[in-house]
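Engineer: Sequence first, predicted model second:
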Amino acid sequence: MANQDPTPRPNHRLHIVLIPGFAGFDALGQLRYYACITPLFQTHCVGNEVLHYFDTLPTAAVVTRAGRLQTYLGKRMARGEITPRDDVILVGHSTGGLDIRQLIWDLRGRKEPIVVDGGAEVKPRDILERIRRVVFLSVPHWGTNIADWVHAHPICREAVVAELRAAVASSQCLVADRIEDCITGAAAWLTGAGLLFAVRDALSEANGHNGTPGPMRTAEAHEAASQLGLYLRLMASDFRAIDDLRSRVPPGAPQSPAHFTNQREKELKLWRDLGINVRSYATLGSRPFHFEPGRPAPTWELAMPWTCPELAKDLNPNTDIVYRACYRACAGGPFTWPMHSGKVTRRMPGCSDHTLELWDNDGIVNTASMLWPQGENVLVPADHMDIVGQYKPIVATSGEARQFQAYDLLKSDSGFGDEMLKEVWREIFDFCRGGRRKNQ
């Protein structure tokens, strides 16, 4: 059953499937999760590759998200979009990488066929044999401290989701202009946080009174409001992925791939037997705080105001409050060095050569958790969202209700820019085709 030949065969298509991470999506209105990747695909790929964007469930349990991915691939095969002669390459960002691992683990043990489109059957083995390569981007293979932190503060998370749902419910009313400004406009102006500009734009796009008037704008507003409303309802109803991402194993909960212990060696053997080639990109954010080298960072406690990121800011002022808060929450916690951790095999240009610390992270995931035991581990100077193209504001087309189509969601001052994005994704597409780096 192993795929021994890593080189794409003539006249066979390569299906590259981009899988988003936690709270991810394919698109919300005009906003794409993987920003600016399609033009790079058109530039670097030669004709037999097909690019797919998978629309996942934002915060559902990993096993649920992996089941959705299983159905997605089954449909593509049942409909003849992916043929038995084609190959599939899965690219997973953040939680999307855990979805891939869960998918492969589930397919290897499934006996019954996958039934799609009202009765069409696809054998699990047929999907498994098509998967030839996997690319991991900022994946928390052993969990991340920030998930433990969010789990410990559920009231904050519930309040944010509830407030956004209320804003969406009124986004097609004239009063939405005031709601948008009050909730996000002033906060974005005060902090310079790209994340808040993104929220404001999403609400603005769902408001039919914004943008160039006309039937199309009205239809787009209804569609954007519907997508955003469904997205937030899904988050409000199923937030179980946060337990799957915790570095501390939740008691009594089914284990996610981040918590595989006894299964870890079996999983690695399965991947070797299948002949799946792997490459991992581990993102390393700038350090906005001083922590003692060689020791864990203290946990950020909300009940202790002197540990607040704004008060504790002491190293890099060229960051925003969102990045500082996320970095600080991710730095301290129960995450420890993984037993089966991989090693950094290469650093991209501009990446710091300092020793990787337990508290180093990209604002969302501890960098040490991203090192997969198989294949190459490439260290990238970037925050968690830089690598998927969300590293700078990109102005939307004139006349649209949305001001930007991409954002600097975590203002980390990582140094990540256009050239780094092109280089990383050129490498990814070369790897998908079976090519090698230019210095190999």
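Structural biologist: Here it is on my side, so go on.

Engineer: only C-alpha atoms for contact and neighbour calcs from this point on.
Structural biologist: Will do.

Engineer: So what pairs up with the spatially closest residue to residue 417 that is not a sequence neighbour in the strands?
Structural biologist: For residue 417, ignoring the flanking residues on the chain, the nearest one in space by CA to CA, 6 or more residues apart in numbering is residue 391 at 7.1 Å. Residue 391 forms beta bridges with residue 408, as assigned by DSSP bridges.

Engineer: List the contacts of residue 224.
Structural biologist: Residue 224 is in contact with 28, 29, 202, 205, 206, counting by CA atoms under 8 Å, 6 or more residues apart in numbering.

Engineer: element containing it, please.
Structural biologist: Using DSSP states H and E, residue 224 sits in helix 215-237.

Engineer: buried sites along that helix?
Structural biologist: For helix 215-237, a neighbour-count test (16 or more other CA atoms under 10 Å) marks 217-218, 220-229, 231-232, 234-236 as buried.

Engineer: got the buried residues for the next helix or strand after it?
Structural biologist: Counting by DSSP H and E, the element after helix 215-237 in chain order, helix or strand, is helix 241-244. Neighbour counts over helix 241-244 (16+ other CA under 10 Å) mark 241, 242, 243, 244 as buried.

Engineer: For the helix holding residue 224, what does the pLDDT average out to?
Structural biologist: Averaging pLDDT along helix 215-237 gives 82.

Engineer: then that helix to PDB, C-alphas only?
Structural biologist: Only the C-alpha atoms of helix 215-237 are listed here, as PDB (Å, rounded to 0.1, in the frame of the first residue of the first chain):
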ATOM      1  CA  PRO A 215     -28.900  44.700  -6.400                       C
ATOM      2  CA  MET A 216     -25.500  43.000  -6.500                       C
ATOM      3  CA  ARG A 217     -24.300  44.800  -3.400                       C
ATOM      4  CA  THR A 218     -27.500  43.900  -1.600                       C
ATOM      5  CA  ALA A 219     -27.100  40.200  -2.600                       C
ATOM      6  CA  GLU A 220     -23.400  40.300  -1.500                       C
ATOM      7  CA  ALA A 221     -24.400  41.800   1.800                       C
ATOM      8  CA  HIS A 222     -27.000  39.100   2.400                       C
ATOM      9  CA  GLU A 223     -24.400  36.400   1.500                       C
ATOM     10  CA  ALA A 224     -21.700  37.900   3.700                       C
ATOM     11  CA  ALA A 225     -24.100  38.200   6.700                       C
ATOM     12  CA  SER A 226     -25.300  34.700   6.200                       C
ATOM     13  CA  GLN A 227     -21.700  33.300   6.000                       C
ATOM     14  CA  LEU A 228     -20.600  35.300   9.000                       C
ATOM     15  CA  GLY A 229     -23.700  34.400  11.000                       C
ATOM     16  CA  LEU A 230     -23.200  30.700  10.300                       C
ATOM     17  CA  TYR A 231     -19.500  30.900  11.100                       C
ATOM     18  CA  LEU A 232     -20.300  32.400  14.500                       C
ATOM     19  CA  ARG A 233     -23.100  30.000  15.300                       C
ATOM     20  CA  LEU A 234     -20.700  27.100  14.600                       C
ATOM     21  CA  MET A 235     -18.200  28.700  17.000                       C
ATOM     22  CA  ALA A 236     -20.900  29.200  19.700                       C
ATOM     23  CA  SER A 237     -22.300  25.700  19.400                       C
END
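
Engineer: Pull the distance from it to the chain's centre.
Structural biologist: 21 Å (CA atoms, centre = their mean, to the nearest Å).

Engineer: Output the contacts of residue 224 as JSON lines; include the columns secondary structure and pLDDT.
Structural biologist: Below are these laid out as JSON lines (DSSP: H, G, I helix; E, B strand; the rest coil; pLDDT from 0 to 100):
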{"residue": "28", "secondary structure": "strand", "pLDDT": "79"}
{"residue": "29", "secondary structure": "coil", "pLDDT": "79"}
{"residue": "202", "secondary structure": "helix", "pLDDT": "79"}
{"residue": "205", "secondary structure": "helix", "pLDDT": "83"}
{"residue": "206", "secondary structure": "coil", "pLDDT": "79"}
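
Engineer: can you tell me which of the residues you listed lies nearest to residue 130?
Structural biologist: Nearest to residue 130 among these is residue 28, at 29.7 Å by CA to CA.

Engineer: what pairs with the closest one across the strands?
Structural biologist: residue 31.

Engineer: Neighbours of it, how many?
Structural biologist: Close neighbours of residue 28, defined as other CA atoms under 10 Å, add up to 18.

Engineer: list the contacts for it?
Structural biologist: 202, 224, 227, 228.

Engineer: Mind picking the two most distant members of these?
Structural biologist: 202 and 227 (10.2 Å).

Engineer: what do the two both touch?
Structural biologist: Joint contacts of residue 202 and residue 227 (CA under 8 Å, 6+ apart) are 28, 29.

Engineer: Show me the contact partners of stretch 405-415.
Structural biologist: By CA under 8 Å, 6+ apart, the list of residues contacting stretch 405-415 from outside reads 30-32, 35, 193-195, 197-198, 285-286, 318-320, 322-324, 350, 363, 381-386, 389-396.

Engineer: make it 7 Å
Structural biologist: 30-31, 35, 193-195, 198, 285-286, 318-320, 322-323, 381-383, 385, 390-396 (CA atoms under 7 Å, 6 or more residues apart in numbering).

Engineer: just the buried members of those?
Structural biologist: 30-31, 35, 193-195, 198, 285-286, 319-320, 322-323, 381-383, 385, 390-393.

Engineer: Can you list which of those are found in strands?
Structural biologist: Counted as lying in strands by DSSP state E, out of these, are 31, 381, 391, 392, 393.

Engineer: pLDDT weak spots in the chain?
Structural biologist: The chain contains residues with pLDDT under 70 at 1-11, 154-196, 253-254, 305-316, 398, 435-440.

Engineer: mind listing the strands for it?
Structural biologist: Remark: strands assigned in the chain by DSSP E are 14-19, 27-28, 31-32, 49-53, 87-93, 114-116, 120-122, 131-137, 277-284, 346-347, 376-381, 391-395, 404-408.

Engineer: Residues in a beta bridge with the closest residue to residue 75 other than its chain neighbours, which ones?
Structural biologist: With CA to CA, 6+ apart as the criterion, residue 75 has its nearest non-adjacent residue at 6.0 Å, and that residue is residue 116. Beta-bridge pairing for residue 116 (DSSP bridges): residue 120.
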